[in-house]
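S.K.: Just to be clear, the model below is a prediction. Sequence and coordinates:
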Amino acid sequence: MNETIRTLWRSNKLLVIAFSVALALTVLFGIRTTAFLIYWSNHRNVPVAGWMSPGYVAKSYRVDIETVRKSLGLDPDARDRRPIGRIAADRGVPVEELIRQLNEALQAESASEAAHGQ
């Protein structure tokens with residue numbers, strides 16, 4: 001095995017380097033994808049909290065980000081990554097009020113999906 005690698009290295013250094021880089025990237029992205037799948041399979045329907053961003057809530061509840069943004073009173077097309085607590089503080093409203101509005105929207109979306117799924 002070592003002799004084969006030495007022979008390839010002597011005759012095709014560029015090819016061995018390219019293969020090594022491709023292998024390393026494949027392993028890196030495979031680990032990243034596995035970690036992503038494990039994380040989100042364990043973080044479904046997490047109770048909404050002030051530290052969460054609209055995107056995190058949308059991923060956790062598997063709804064469109066526009067639904068979450070609308071329920072928080074944000075522009076549906078804006079890329080606002082502020083946490084819910086910061087959005088509430090910027091508006092001068094209690095974070096519990098925004099969380100309540102968001103939970104109502106999530107329940108309505110869930111009921112809508114259940115009605116269309118049957």
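M.R.: Now that the structure is in, tell me what you want to look at.
S.K.: SS state for Pro76?
M.R.: With DSSP: H, G, I helix; E, B strand; the rest coil as the basis, Pro76 sits in coil.
S.K.: Run a quick neighbour tally on it.
M.R.: Pro76: 11 surrounding residues under other Cβ atoms under 10 Å. Heads up, the C-betas are built off the backbone N, CA and C, glycines and all.
S.K.: Would you mark the buried spots in stretch 52-66?
M.R.: 52-54, 56-61, 63, 65 (16 or more other Cβ atoms under 10 Å).
S.K.: Same check on stretch 104-112?
M.R.: Within stretch 104-112, the residues that count as buried by 16+ other Cβ under 10 Å are 105-106, 109.
S.K.: Tell me how this structure divides into domains.
M.R.: Listed by automatic domain parsing, the domain ranges of the chain are 1-42, 44-118.
S.K.: Show me what the top helix by length along the chain packs onto, helices and strands only.
M.R.: Criterion DSSP state H: the longest helix present in the chain is helix 13-42. Helices and strands touching helix 13-42, as assessed by 3 or more Cβ pairs under 8 Å, 6 or more residues apart in numbering; DSSP states H and E, comprise helix 2-11.
S.K.: Provide the contact partners of the helix it packs on at residue level.
M.R.: For helix 2-11, contacts defined as Cβ atoms under 8 Å, 6 or more residues apart in numbering pick out 15-16.
S.K.: one more time with 7 Å, if that's ok
M.R.: Val16 (Cβ atoms under 7 Å, 6 or more residues apart in numbering).
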